[in-house]
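Colleague: no sequence on hand, only this structure:
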């Protein structure tokens, strides 16, 4: 997230609707993205719907970071997992393929 105004709006949503409801909405948004992804895999991609659902999931992830106070931890995990992905790619390119 890159804006103080965005953070303010996300916190207002959490205050307005409550943490339990926003957590439920996050789950629902993940399901909607899942549905669009399965449609795409079946040969019926809709880039606008995919982008919309990805945006919804991202917004809800930011809210979950606020709700569970894990923004810093999530950033650390993202860094670790990107580094791990890079190592896997490098291993695959050099013949030492890893799948863990």
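Modeller: Thanks, I have it. This structure is a prediction, so every number in the text was calculated from the model and none was measured. Numbering: from 1, shown residues only.

Colleague: from now on I want contacts and neighbour counts done on CA atoms only, so please keep to that.
Modeller: Will do.

Colleague: okay, the residue positioned nearest the centre of the chain and residue 30: tell me how far apart.
Modeller: The centroid of the chain falls nearest to residue 58 when counting by Cα atoms, centre = their mean (4.7 Å). Distance, residue 58 to residue 30, by Cα to Cα, to the nearest Å: 9 Å.

Colleague: and stretch 60-77, end to end?
Modeller: 18 Å.

Colleague: helix, strand, or coil at the residue nearest to the centre of the chain?
Modeller: helix (DSSP: H, G, I helix; E, B strand; the rest coil).

Colleague: the closest residue to residue 36 other than its chain neighbours: how many residues sit nearby?
Modeller: For residue 36, ignoring the flanking residues on the chain, the nearest one in space by Cα to Cα, 6 or more residues apart in numbering is residue 50 at 5.9 Å. Using other Cα atoms under 10 Å, residue 50 has 19 neighbouring residues.

Colleague: helix or strand: which one has residue 50?
Modeller: helix 47-68 (DSSP states H and E).

Colleague: which element follows that helix toward the C-terminus?
Modeller: helix 71-93.

Colleague: which stretches of this protein have low pLDDT?
Modeller: 1-2, 97-100 (pLDDT under 70).

Colleague: so what does the residue lying farthest from the centre of it have for phi and psi?
Modeller: Most distant residue from the mean C-alpha position of the chain: residue 95, 30.9 Å away (Cα atoms, centre = their mean). With angles defined as degrees, to the nearest 10, residue 95 sits at phi 90, psi 0.

Colleague: what does residue 43 give?
Modeller: Per degrees, to the nearest 10, the backbone of residue 43 is at phi 90, psi 10.

Colleague: that older thread, against residue 36, how distant is the residue farthest from the centre of the chain?
Modeller: 34 Å.

Colleague: repeat for residue 26
Modeller: 16 Å.

Colleague: buried residues in stretch 19-31?
Modeller: 19, 22, 23, 26, 29, 30 (16 or more other Cα atoms under 10 Å).

Colleague: cool, and stretch 86-100?
Modeller: 88, 89.

Colleague: likewise for stretch 34-53?
Modeller: Quick answer for stretch 34-53 (16+ other Cα under 10 Å): 36, 37, 50, 53.

Colleague: thank you, goodbye.
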